[in-house]
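Undergrad: Provided below are the primary sequence and the corresponding predicted coordinates.
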Amino acid sequence: MNARQVMRVMVGFYLVLFFAYLFGPLIIMGITAFNTAPYPTVIPFEDFTLQWFDILFRDKDMMIGLQNSLKIGVLVVLISVPCGLAGAIVMQQVYARARSLYYLVVVSPVLTPGVIIGISTIIFWKDFTGATGIGFLYDGLILAALGQSSFISAYCMLIFLSRLQRFDHALEEAALDLGASNAQVFRHILIPYLRPAVLSAAVMAFLSSFENYNTTTFAILSDKTLTTVLAGRVRQGSTPAISALAVTIIAITVAGTIVYELVKRREDARKAAQRRTAQDAERRELAAA
Amino acid sequence: MTADVELDGVTVRFGDFTAVENANLRIKEGEFFSFLGPSGCGKTTILRTISGFIDPSEGAVRIGGKDMRGIGANKRPTALIFQSLALFPMMSVADNIGYGLRVRGISKSIRQKKIDELLNLVALGDQGAKKVDELSGGQRQRVAIARALAVEPQVLLLDEPLSALDLKLRQHMRNELRAIQKRVGITFIYITHDQGEALTMSDRIAVMNRGRIEQVGDGRSVYDAPRTAFVASFVGENNAITGFITEAAEDYAVIEGKLGQFRGTNPLGLKKGACATLFVRPEALRFGAPENPIAATTREIAYEGNLTHVGLRAVDGSHLTVLLGAGEIPPVMDAQASFGFDAGRAIILPPQQDG
Amino acid sequence: MQAALGHPFVIALPFAVGLLFWLIAIRERQIGRIQGLSFFQRNGTAVGLFLIVAVAFWAVFMIVLPQLFMVEMSFRPKLPPSAMGGPRDVYTLQNYHYFLFGSATSSAEWNVVHIRAFWLTIIASILVTLGNFLLCYPLAFYMAQVATAARLRFLLLLLITPYWVNEILRAFAFRVIFSTGGLINKLLMGAGLLSEPIDFLGLDVGMYAGLSYAYLLLMVFPLYNAIENLPKAQIEAARDLGAPWWHIHAFIVMPFAKPGIASGCTLVFMLTSGALAAPLVLGGPRSLWFTPIVYDRFYQAFNWPQGSAYAFILLLTCIAFVLAVMRIGKLSLGEITR
């Protein structure tokens, strides 16, 4: 065996180990969801059962938490996507002297621990709503959405920025030149250009919100979300119902990933076909000229 | 009312940098007018000033006698074709062409009629439903033209639109552009650094250098009667001989340099003793001609069928080029040769300022 | 100093800074240093207003003011609502004093428990960060430079799923493995190596394992993005010149991928030191981790000012880490957060 083959075997070994480490714990947890044992365990595997899923879906707190998580997720998408979009556009226009301060402010939530964001959110909104008489806003769901949006907006902004960097500003000028108003340029040119990014930002925002714990556990006040209910259950003691929840979540993500991949492949195929058409046209044209 | 475009003392500054300095021009309605100059000469800035993306620091742009200051690009009777074309990738060909009408609130049926008309004008009749990413370079070009014409501008501005095309196609598109302009009859203002484009298409050309308009005239006058050293050397090939004026009359002068004394026309009335450059075109040089003789060695002979380029080195080491027609017999390589030129075809101009 | 004026001042602060920049911009436009269209000319009134309102709401009400309020609160005493704004509501360092020295009635010289938890958190977070880097770097390099397009796509798909499993479930998975009735103890006992189960969770093994697992993928993606941009030809050229593999990585790939390394390390450190789920789920009652202590200030001691002070200390630590990374790597903030 030469050095190259040794290297290949080692790389293969490493990859297997890495993914075993990554998936091992999840798989073991997954198996416990189907074991009749009242305690999450793999051995002995007593008997196959779906009873833990049944228990999970009957768990009232979990279901209330799930509803709240979905509500917060939608709220977060509605707040962070516009804020991130505005943040990215302003980033491109803000004048040089203010740019670094602006960047520091809006990107800082990405580098701030979630618990701190949660804490600061409740402190501020408690005093602010108390002092301004808008106490109804001091609500767990709203605060959780606001706290999460603080950093999820920044993620969205980074997504938009990377797409905007490839934007040809001549498109805006062309539309203006053809008589469009600024608002029309925004609606007809910039937003359609950013549409793929809007979609991925929305998906990302929703998922980040849904799985968030650190910020939510502070900002949710006396309400509950799926993750906070889950945290409470896990601290009380282990039950295979929690494994069942994990399996459900993993199944949904896997399905989502597959759908995403299929959509992306179709999109790629469509783009490739367009390119081929353009190349054909080019060839014919050169032949004719 | 005619839609003349008038530049009245237009100066554009960016901070300390002056991109355009005191431009004065009147472009007549229906003219094909080109701005020709090297990159960075300010021609694009002028175009953007006319289209309304930049307001002049001083002076005024008037279209049809109306001062355009404060009127945005979307309110001017101009349409601009961008160097990158800037076709909207998120729209179909037809939607691109109809965009200007759409933002003007024109009904769909009228819009569709106009789109079909324009698609036919630019010979893209059946391509309306395609995405712009499915088009060839030449087709994209045509869509850009149709899109700009759709809003029925009084002035069409073109910013080097052919520069991305293949050479062969570029020449083809020149004729097409000119033909379209004749058909629609509106003013075309064209920006280019390619003198061939400017000369073949334009009614008149403004040659620009370092933010200044050096000369305005039709192709022939710019080529045959340059009025500055920059125009003489930038438009077409030219041989330059520098020296001092030893004799000056009203219509001719004699210049003395290292290669000897030469006589040429003196259009600017330069005075005796002035430093000057004599320009003579390669095609004006003739072997064996007795007038204005120069001795040189042939260093390079490039036969191109109908033409032959001959590179020469003069006794002072300077390079000269001679262009021979099909019937003329070139000298042999590395031989001593004497050639001369007709004084009427040489022009004596003041040397180019600051290099 | 009386704390009553604190809030109006804090609220006015970001607006004053914004106004100041606005005035400077107007002034510079007058003297001609800024040219081109003004903000509203460029965007139009409607879009311009949307941009300003959205950004102001986000930056001021969701980022700056909450942080400033938290910092402000950390310098206040804990008072019953009736005493707020009264004569005892003055700025004080007592919350920070408590972190260092414990309560005034305690006899110990230092607040050993909290200080030790704090240092342990930082050191463990640094170790976890380094460990994650070593674990992920080969994978990132493999994906970015070696793998074929099809395999890369497959690997990326494999990575996405565990990325979206939330941290409590990840921590729970480790509990299934490490608890006294868990997989490892069962295996060891089944093999006859143990007669009594080992309390891995009580020994904090579970917690550290869970922490090092939790944010693994946040290291992979920045590294991968950075290494992906390295032209393959550079590596081939170095190999051609006879550079050994470790040399190529240390002097070509890593310097090139510096921004990605910095951003992965910063994220993992920040998330680990601020982790709450793994310590809560996997830590025993005696486990030391800083975040649960902060949590307890709020929900056990109901002492928000003290909790704020602790949170601020954690925040300062993260800022210090980011600054250190920037200094060591000679990087700008923009490069780290790309």
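TA: Sure thing, it's come through.
Undergrad: okay, now the nearest residue to B:Ala249 once chain neighbours are set aside: neighbour count?
TA: The spatial neighbour of B:Ala249 that comes closest, neighbours along the chain excluded (CB to CB, 6 or more residues apart in numbering or on different chains), is B:Asn266 at 7.2 Å. Just so you know, the C-beta spots here come from the backbone N, C-alpha and C atoms, and that holds for glycine as well. Residues lying near B:Asn266 (other CB atoms under 10 Å in any protein chain shown) number 24.
Undergrad: measure B:Asn266 to C:Ala275 for me?
TA: According to CB to CB, to the nearest Å, B:Asn266 and C:Ala275 sit 87 Å apart.
Undergrad: Next, the nearest residue to B:Ala3 once chain neighbours are set aside: phi, psi?
TA: Leaving aside its sequence neighbours, B:Ala3 sits nearest to B:Gln154 (CB to CB, 6+ apart; 3.7 Å). Main-chain torsions, B:Gln154, degrees, to the nearest 10: phi -80, psi -20.
Undergrad: Please tell me I have it right and B:Gln154 contacts B:Val184.
TA: No - look at B:Gln154 against B:Val184 with CB atoms under 8 Å: they stay out of range, at 10.8 Å.
Undergrad: Provide a list of residues in contact with the most centrally placed residue in chain C.
TA: What sits nearest the mean C-alpha location of chain C, by CA atoms, centre = their mean, is C:Met270, with 2.0 Å. Contact analysis of C:Met270 by CB atoms under 8 Å, 6 or more residues apart in numbering or on different chains lists A:111-113, C:318, C:321-322.
Undergrad: So which of those belong to helices?
TA: Among these, DSSP state H puts C:318, C:321-322 in helices.
Undergrad: so which of the residues you listed are also by chain A?
TA: Of the residues in the ones in helices among the contacts of C:Met270, proximity to chain A by CB under 8 Å from any CB of the partner chain holds for C:318, C:322.
Undergrad: from the ones in helices among the contacts of C:Met270, which is closest to B:Gln83?
TA: Of all the ones in helices among the contacts of C:Met270, B:Gln83 sits closest to C:Val322, with 41.9 Å by CB to CB.
Undergrad: quick one: contacts for the closest one?
TA: A:111, C:266, C:270, C:333, C:336.
Undergrad: If any of these are buried, give me the ChimeraX selection for them.
TA: Remark: buried members of these, expressed as a ChimeraX selection using 16 or more other CB atoms under 10 Å in any protein chain shown:
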select /A:111 /C:266,270,333,336
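Undergrad: Can I get the contacts of C:Val322 in a markdown table including secondary structure and pLDDT?
TA: Shown next, in a markdown table, are those (DSSP: H, G, I helix; E, B strand; the rest coil; pLDDT from 0 to 100):
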| residue | secondary structure | pLDDT |
| --- | --- | --- |
| A:Leu111 | helix | 85 |
| C:Thr266 | helix | 89 |
| C:Met270 | helix | 90 |
| C:Leu333 | helix | 79 |
| C:Ile336 | helix | 74 |
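Undergrad: Enumerate the residues of the stretch 151-289 of chain A near chain B.
TA: Contacts of the stretch 151-289 of chain A with chain B, taken as CB under 8 Å from any CB, map to A:168, A:170-171, A:173-181, A:184, A:188-189, A:192-193, A:195, A:271, A:274-275, A:277-278, A:281-282, A:284-286, A:289.
Undergrad: which one of the ones in helices among the contacts of C:Met270 is nearest chain B?
TA: Chain B has its nearest neighbour among the ones in helices among the contacts of C:Met270 in C:Val322, at 34.9 Å by CB to the nearest CB.
Undergrad: one step back: now the residues of the stretch 151-289 of chain A next to chain B: which count as buried?
TA: A:170-171, A:173-181, A:184, A:188-189, A:193, A:274, A:277-278, A:281-282, A:285.
Undergrad: near chain C too, which of these?
TA: Among these, the residues within reach of chain C (CB under 8 Å from any CB) are A:Ser181.
Undergrad: what does the stretch 51-200 of chain B put close to chain A?
TA: B:51-53, B:72-75, B:78-80, B:82-84, B:86-90, B:99-100, B:103-104, B:130-131, B:133-139, B:147-148, B:150-151, B:166, B:168-169, B:172.
Undergrad: Show me which of those are buried.
TA: By 16+ other CB under 10 Å, these give B:51-53, B:72-74, B:78-80, B:82-84, B:86-88, B:90, B:99-100, B:103, B:130-131, B:134-139, B:147-148, B:150-151, B:166, B:169, B:172 as buried.
Undergrad: the strands in the stretch 151-300 of chain C, which residues?
TA: Assigned strands in the stretch 151-300 of chain C: none (criterion: DSSP state E, counting those that start in this stretch).
Undergrad: just for it, where's the confidence low?
TA: Within the stretch 151-300 of chain C, no stretch has pLDDT under 70.
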